[in-house]
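Visitor: A predicted structure for the sequence below; I have some questions about it.
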Amino acid sequence: MSTRTQDDHSFEFYFPDVDTLLLAEYSEGRVLIRATKNTFTVQRKIQFIRRLAFEGFIPDNFQWLSDLDSKWLSVCWRIDHSWLKLPKNLNVRSRRFMVGLFASAILLWSGLMIMLLRGWL
């Protein structure tokens, strides 16, 4: 699990074993967790909330969360990837790479066609 902070009460986590990104946000006594995929079981969700509280990302009272607890109402899980944003330089790099790849393919194809039409192949 790797972590990256977005602002004061917003934390991003990545779970490579299930290839899922989570954004945990805490405000006004409520925890909102946005996941890119629905890969967490109820038990794993509870363990994740407890670990967030244990490590200080959210208040300590969430450490004792259980599936029948009233605190569960203050936790909201959503499957949502709208919060993900691509870096702007990634589009520029990708476009430059694709243009170079396409130009190379055209040059290779043109060279092969010329060789074929002239009888060199």
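Guide: The structure has been received and is ready for your questions.

Visitor: from here on, just use CA atoms for contacts and neighbour counts.
Guide: Will do.

Visitor: what packs against the longest strand anywhere in the chain?
Guide: Assignment by DSSP state E gives strand 20-27 as the longest strand of the chain. Contacts of strand 20-27 with other secondary structure elements, assessed using 3 or more Cα pairs under 8 Å, 6 or more residues apart in numbering; DSSP states H and E, are made with strand 10-15, strand 30-35.

Visitor: closest one to R51 among those strands?
Guide: strand 10-15 (12.1 Å; Cα to Cα).

Visitor: the closest one pairs with which strands?
Guide: Take DSSP bridges as the rule and strand 10-15 pairs in its sheet with strand 2-7 (antiparallel), strand 20-27 (antiparallel).

Visitor: mean pLDDT lowest where, among those?
Guide: Ranked by mean pLDDT, the strands paired with strand 10-15 end with strand 2-7 in last place, scoring a mean of 50.

Visitor: for stretch 34-43, which positions count as buried?
Guide: Applying a neighbour-count criterion of 16 or more other Cα atoms under 10 Å, one finds R34, A35, T36 buried in stretch 34-43.

Visitor: export the longest strand of the chain as PDB, just CAs?
Guide: The C-alpha trace of strand 20-27 is given here as PDB (Å, rounded to 0.1, in the frame of the first residue of the first chain):
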ATOM      1  CA  THR A  20      -7.100  -0.500  -6.800                       C
ATOM      2  CA  LEU A  21      -6.700   3.200  -6.000                       C
ATOM      3  CA  LEU A  22      -8.500   4.600  -3.000                       C
ATOM      4  CA  LEU A  23      -9.000   8.200  -2.000                       C
ATOM      5  CA  ALA A  24      -9.900   8.700   1.700                       C
ATOM      6  CA  GLU A  25     -11.300  12.000   2.700                       C
ATOM      7  CA  TYR A  26     -12.300  13.100   6.200                       C
ATOM      8  CA  SER A  27     -14.400  16.100   6.900                       C
END
